[in-house]
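>>> just the structure for this:
(2 chains)
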Amino acid sequence: MTEVARTDQAKPLIDVKDLVFYRGSRVIYDGVNLQIRRGQITGIMGPSGTGKTTLLRLIGGQLLPDSGDVLFDGRSVPHMSRRELFQARSRMGMLFQSGALFTDMSVYENVAFPLRAHTKLPENLIRELVALKLEAVGLRGAEQLKPSELSGGMNRRVALARAIALDPELIMYDEPFAGQDPIVMGVLARLIRTLRDALGLTTIIVSHDVDETLSIADYVYVIADGKVMGEGTPSELRAHPSAFVQQFLNGDAEGPVAFQYSQTPYYTPNGGGAT
Amino acid sequence: MKAIEQLGRNTIDRIVGVGEAAQLLARTLFLLPSWRGVGLFIDQMFRVGVLSLLIIVVSGLFIGLVLGLQGYTILVDYGSEQALGTMVALTLVRELGPVVTALLFAGRAGSALTAEIGLMKATEQLASMEMIGVDPLRRVIAPRLWAGIVSMPMLALIFSSVGILGGKFVGVDWLGVYDGSFWGNMQNNVQFLNDIVNGVIKSVVFGVVCTWIAVYQGYACMPTSAGISTATTRTVVYSSLAVLGLDFVLTAVMFGGLS
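The predicted structure follows:
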């Protein structure tokens, strides 16, 4: 490997710099910095509603930051033209929380969709590639089924086959384990790991499933209140001094994050408080 | 004070909405066509146009029957029942054909387009298409918009033709108006450029407006079940009002001596 290539490999694939993002008047990100290293599985964790999915959309250029920058392979995503953005997206795969399969197409057509959109391959080659991708997620033979005929876990695996159809450099998983039974969770976790090992995919997992994410991630960021609260390898994170990180990892009701929505006490001994 | 603030905010939101809708229309109409796009367009022509045929034909027939009956009872008092063909044809070609077709189109195809696109948004299908690197404007919006624009004048012409046959059935076959005067007067008095082409221009305008409203409402709706429901209602209400308002303006320009 040449020196230049080695330097490129050492650079992070995604570099988020001083990211600020508002939704209306609500602050979602307030100066977030994080890096997604090549060939690694990076977990982004945090309580529900902290904007984890928003981060994926900012990386994919579907949303624009209010300030700061998101670099994909050294190039600023918010400053890309529409054409450049669509070209960059062909190097990314994303697994949506709902699967987001095209409901009017069969499993085969869904997986073939990115291949047809970005290549001029003959139909027999597309058929071979679709079979390979479905084999990788354990669903070969399900080509003719419609998304409505699939279970939740199968749906997500087909979406995964579609996301890796173009052999992307980056794959982003949005809550891959949410609402899945333990068997499907285990299968998905193993698949994510296998895909990283076999294809060298740079992987981002957005999740609040602590055990599953820590078991497969190489590096993890914990985000809350628009900031990175903690980061490190899974073992570093387990020993993290932050009370918030410990509360999140251990699932404690008591801690910096209030369980109650309202801070007004329901009852106070001297007769005050809300009724 | 709060009410004024709210009014101002709503007004700004509406203006922003109109701006976004105009951007969507401009970006969609000026996309370069592709072979794959032609296939998608034909598919949408079937769903938007062919599947609307039944309601258009049945409505056209009944409106023609009523026109024949009402026209005859009025004209016969003046001994002018031989003008029935002209009356039925002009009413349909100039006004009722384009307007009623557009209203039916908004109710049947427009609401379906909004619901379909809104549901694609709510189930993240549009977002996933974007992330795959395929522009939803090209893949989803453009074929539907063009299908609406092309199918509307065709549907309006079919509506008018069936309506005229309905009027003929009542006037000639049932009430005994002379066949030759029904068709002959119609041929003499209905002008191709002044009446038929103006009617087609009206329905092209209605086609653009109704389909534009439908696809924009679907594309911009809140991705929830309540959001889709609101967007679908808005499609029908806005399209109907726009069609009736524009019809007055177009009629004034085409037939009202303003041109």
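>>> mean confidence score for the biggest helix by length in chain A?
Ranked by residue count and defined by DSSP state H, the top helix of chain A is helix A:182-199. The average pLDDT within helix A:182-199 is 84.
>>> ok, stretch B:42-51 next?
93.
>>> repeat for stretch B:173-192
92.
>>> just the CA atoms of stretch B:247-257, as CSV, please.
Extracted in CSV, the C-alpha atoms of stretch B:247-257 (Å, rounded to 0.1, in the frame of the first residue of the first chain):
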residue,chain,number,x,y,z
ASP,B,247,-63.1,28.2,-14.6
PHE,B,248,-64.6,31.7,-14.1
VAL,B,249,-61.4,33.4,-15.1
LEU,B,250,-60.8,31.2,-18.1
THR,B,251,-64.5,31.6,-19.3
ALA,B,252,-64.2,35.3,-18.9
VAL,B,253,-61.0,35.4,-21.0
MET,B,254,-62.2,32.8,-23.6
PHE,B,255,-65.9,33.6,-24.0
GLY,B,256,-66.5,36.8,-22.1
GLY,B,257,-65.1,39.3,-24.6
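>>> buried ones in it?
The neighbour-count check on stretch B:247-257 (16 or more other C-beta atoms under 10 Å in any protein chain shown) flags B:Asp247, B:Leu250, B:Thr251, B:Met254 as buried. Where C-beta positions appear, they are placed from N, C-alpha and C, glycine not excepted.
>>> same deal with stretch A:192-199?
By 16+ other C-beta under 10 Å, the buried positions in stretch A:192-199 come out as A:Ile192, A:Leu195, A:Arg196, A:Leu199.
>>> is A:Asp18 part of a helix or strand, or is it coil?
strand (DSSP: H, G, I helix; E, B strand; the rest coil).
>>> who are the packing partners of the helix or strand that contains A:Val32?
Per DSSP states H and E, A:Val32 falls inside strand A:26-36. Contact here means 3 or more C-beta pairs under 8 Å, 6 or more residues apart in numbering or on different chains; DSSP states H and E; on that basis strand A:26-36 packs against strand A:14-23, helix A:52-59, strand A:67-72, strand A:227-232.
>>> what's the residue nearest to A:Val32 when sequence neighbours are not counted in contact with, if anything?
Closest residue to A:Val32 apart from its sequence neighbours, by C-beta to C-beta, 6 or more residues apart in numbering or on different chains: A:Leu19 at 4.4 Å. Residues near A:Leu19 by C-beta atoms under 8 Å, 6 or more residues apart in numbering or on different chains: A:Tyr29, A:Gly31, A:Val32, A:Asn33, A:Leu58, A:Pro65, A:Ser67, A:Gly68, A:Asp69, A:Val70.
>>> 10 Å instead?
Taking C-beta atoms under 10 Å, 6 or more residues apart in numbering or on different chains, we find A:Leu19 in contact with A:28-34, A:55, A:58-59, A:65-70, A:226.
>>> what distance do you get for it to chain B?
19 Å (C-beta to the nearest C-beta, to the nearest Å).
>>> same check, this time on A:Ala163
8 Å.
>>> helix, strand or coil for the residue lying closest to that residue once chain neighbours are set aside?
Nearest non-adjacent residue to A:Ala163, counting by C-beta to C-beta, 6+ apart: A:Gly93, 3.5 Å away. What three-state DSSP gives for A:Gly93 is strand.
>>> quick one: low-confidence parts of chain B?
Counting by pLDDT under 70, chain B shows low-confidence ranges at B:257-259.
>>> run through the residues of it sitting next to chain A.
Within chain B, the positions adjacent to chain A are B:27, B:36, B:43, B:116, B:119-120, B:122-135, B:137, B:139 by C-beta under 10 Å from any C-beta of the partner chain.
>>> for PyMOL, what selects the buried ones among those residues?
In PyMOL, selecting the buried portion of these, with burial taken from 16+ other C-beta under 10 Å, looks like this:
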select buried, chain B and resi 116+119+120+122+123+124+125+126+127+128+129+130+131+132+133+134+135+137+139
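>>> do a quick rundown of the strands in chain A.
Listed in chain order, the strands of chain A (DSSP state E) span A:14-23, A:26-36, A:41-45, A:67-72, A:75-76, A:92-95, A:170-174, A:202-207, A:219-224, A:227-232.
>>> will you turn the ones you listed into TSV that also has mean pLDDT and distance to B:Gln191?
As requested, the strands of chain A are arranged in TSV below (pLDDT from 0 to 100; distance: least, C-beta to C-beta, whole Å):
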stretch	mean pLDDT	distance to B:Gln191
strand A:14-23	90	58
strand A:26-36	88	62
strand A:41-45	91	69
strand A:67-72	91	62
strand A:75-76	91	61
strand A:92-95	88	58
strand A:170-174	91	61
strand A:202-207	90	66
strand A:219-224	89	70
strand A:227-232	87	73
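>>> tell me the centre residue of chain A?
With distances taken as C-alpha atoms, centre = their mean, the residue of chain A nearest its centroid is A:Tyr173 (3.3 Å).
>>> how near is that residue to chain B?
From A:Tyr173 to chain B the distance is 12 Å (C-beta to the nearest C-beta).
>>> residue contacts, that residue?
Applying C-beta under 10 Å, 6+ apart, we find A:Tyr173 in contact with A:41, A:43-44, A:56, A:93-97, A:156, A:159-160, A:163, A:188, A:192, A:203-207, A:213.
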